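Asks: Just need the structure, nothing else, for what follows:
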Amino acid sequence: MITTKRIRLCALVLVILLLATSCSSAGEDTTKGTTTPDTVQSVPTTTPDDLVPPSDPTPSDSPRTLLKLAGLKGPTSMGLAPLIIDAQEGMEAFDLSFALVASPEEIVPMIVRGDVDLAAVPSNLASVLYNKTEGKIAVIAINTLGVLHIVERGETINTLKDLVGKTIYASGKGAVPEYVLRLLLEKNDINPDEDVELKWESDHSAVVAQIAKEEGSVALLPQPFVTVAQQQVTDLRSAIDLNTEWGHVIKDAGLVMGVLVASKEIIDKDPEAIEAFINCYETSIQFVNDNLDEASAMIEKLDIFKGAIAKKAIPFCHIRFFAGEEMQRQLSGFLELLMEANPQSVGGKLPGDDFYFGGK
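Replies: Numbers count the residues shown, from 1 in each chain. The predicted model follows:
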């Protein structure tokens, strides 16, 4: 019996040895020819914690930031057109909704209530909103410089000094157009109350109606309404670009007519999306200036302005992009001038440095 058990035990050991040798040979055969000194592979050490199944990568499934944008019909929204269309087609790093309104009165409550994250507005209105919301918005870019022009039915006006003794029809009394015109007249040694006669009309249409009736008349009009008026009054010409005149006499401030503001809530919540938007915005504005045909078609598609008018007006609208310290320099200087003219035009007081995103 003992002999039989020993024979069985020896046989079992022999089988185990044969199996071990077979496995060892198979392991050597599978590795030969698969590694070289340049492609040595290491096998990571695993622990029980490493055995947890990895989660699926989800970068493409990450929710995209939706930015809610509002703008006014006219130049301050023209530079947004390519950006809006690209974003709506999914070509930007963020999603975008766009609300277009006809007047500043409509856009103010949207910003105050927080219905929108971003808005293109007149520069002084941005300051008013900063004060109204107790500092809850910031300017992230300038989008439009001077759009005001002296227009004439004739050929007698070539410089501001040629306005002496003239009647000037205008709209915007008690607002930026009046302050800009008065300041430029004074800088050219012209008394706006004695050397010229300023006749204030209710709106741009009323101004055009007056000059249409009067040959040789002179008026103050903004683009693109100058271009609109020229369709009705064929002998009307742009005599003086006030943005150019501003640059001659005022060096420490820009004639800043339009800006883009953002709520500080969205700036703090998603700074990457805001930075991406700013970068795309600069490209968008450049595209508008360089590609009049395509840009004007986009502007009409979004109902910002009629494409044919936009195409003619864009070169004279001074649609420009400034951000950071240069934005602050140009805008703060302009708001200081408005503050001197009428504190209420900027909301009663100048905004703090936190008003200027990326400024000093």
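Asks: buried residues in the helix or strand containing residue 106?
Replies: Secondary-structure assignment from DSSP states H and E places residue 106 in helix 104-113. Neighbour-count burial for helix 104-113 flags 107-108, 111 (criterion: 16 or more other CB atoms under 10 Å). All C-beta atoms are positioned from the backbone trio N, CA, C, and that covers glycine.
Asks: from those residues, which single one is nearest residue 286?
Replies: For the buried residues of helix 104-113, the minimum distance to residue 286 (CB to CB) is 25.1 Å, reached by residue 107.
Asks: That closest one touches residue 119, doesn't it?
Replies: Yes: using CB atoms under 8 Å, residue 107 is in contact with residue 119, at 5.8 Å.
Asks: where does residue 107 land on pLDDT?
Replies: You'll see residue 107 listed with a pLDDT of 94.
Asks: For the stretch 251-360 of the chain, which segments count as strands?
Replies: For the stretch 251-360 of the chain, the strands defined by DSSP state E, counting those that start in this stretch cover 258-263, 319-322.
Asks: Format the ones you listed as JSON lines; extra columns: distance to residue 140.
Replies: Formatted as JSON lines, those follow (distance: least, CB to CB, whole Å):
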{"stretch": "strand 258-263", "distance to residue 140": "5"}
{"stretch": "strand 319-322", "distance to residue 140": "11"}
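Asks: Where does the prediction get shaky in the chain?
Replies: Residue ranges of the chain with pLDDT under 70: 1-62, 360.
Asks: So for it, which residue is the most central one in space?
Replies: Centroid check for the chain by CA atoms, centre = their mean gives residue 281 as the closest residue, at 4.5 Å.
Asks: can you tell me how far it sits from residue 80?
Replies: 7 Å (CB to CB, to the nearest Å).
Asks: shared neighbours of these two, anything?
Replies: residue 143 (CB atoms under 8 Å, 6 or more residues apart in numbering).
Asks: From residue 161, how far out is the residue nearest to the centre of the chain?
Replies: Distance, residue 281 to residue 161, using CB to CB: 39 Å.
Asks: and if you look at residue 151?
Replies: Using CB to CB, residue 151 is found at 17 Å from residue 161.
Asks: And residue 142, by the same measure?
Replies: Using CB to CB, residue 142 is found at 30 Å from residue 161.
Asks: same deal with residue 359?
Replies: 37 Å.
Asks: the more surrounded of those two?
Replies: Relative neighbour count places residue 359 above the other of residue 359 and residue 161, with 18 against 12, counting by other CB atoms under 10 Å.
Asks: what's near enough to touch the more buried one?
Replies: Residue 359 is in contact with 324-325, 327-328, 353, counting by CB under 8 Å, 6+ apart.
Asks: What of residue 314?
Replies: 78, 288-289, 292, 295-296.
Asks: May I see those organised as TSV, with neighbour count added?
Replies: Converted to TSV, these look like this (neighbours: other CB atoms under 10 Å):
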residue	neighbour count
78	31
288	25
289	17
292	16
295	24
296	24
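Asks: could the residues you listed go into a markdown table alongside distance to residue 348?
Replies: Shown next, in a markdown table, are the contacts of residue 314 (distance: CB to CB, whole Å):
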| residue | distance to residue 348 |
| --- | --- |
| 78 | 30 |
| 288 | 34 |
| 289 | 35 |
| 292 | 40 |
| 295 | 38 |
| 296 | 39 |
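Asks: Just the element for residue 71, please.
Replies: Per DSSP H and E: strand 66-72 holds residue 71.
Asks: That strand pairs with which strands, parallel or anti?
Replies: Strand 66-72 has the following strand partners under DSSP bridges: strand 95-101 (parallel), strand 118-122 (parallel).
Asks: May I see the domains of the protein written out as residue ranges?
Replies: Domain assignment for the chain, taken from automatic domain parsing, gives 65-145+254-355, 148-249.
Asks: out of the ones you listed, deepest packed?
Replies: Compared across the domains of the chain, domain 65-145+254-355 shows the largest average neighbour count, a mean of 19 (mean count of other CB atoms under 10 Å).
Asks: surely residue 110 meets residue 69?
Replies: No: here residue 110 does not reach residue 69: they are 10.4 Å apart, not a contact under CB under 8 Å.
Asks: Quickly list what's touching both of the two.
Replies: When contacts are counted by CB under 8 Å, 6+ apart, residue 110 and residue 69 have 99, 116, 119 as shared neighbours.
Asks: mind putting the residues you listed in a markdown table, distance to residue 173 included?
Replies: Below are the shared contacts of residue 110 and residue 69 laid out as a markdown table (distance: CB to CB, whole Å):
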| residue | distance to residue 173 |
| --- | --- |
| 99 | 29 |
| 116 | 29 |
| 119 | 25 |
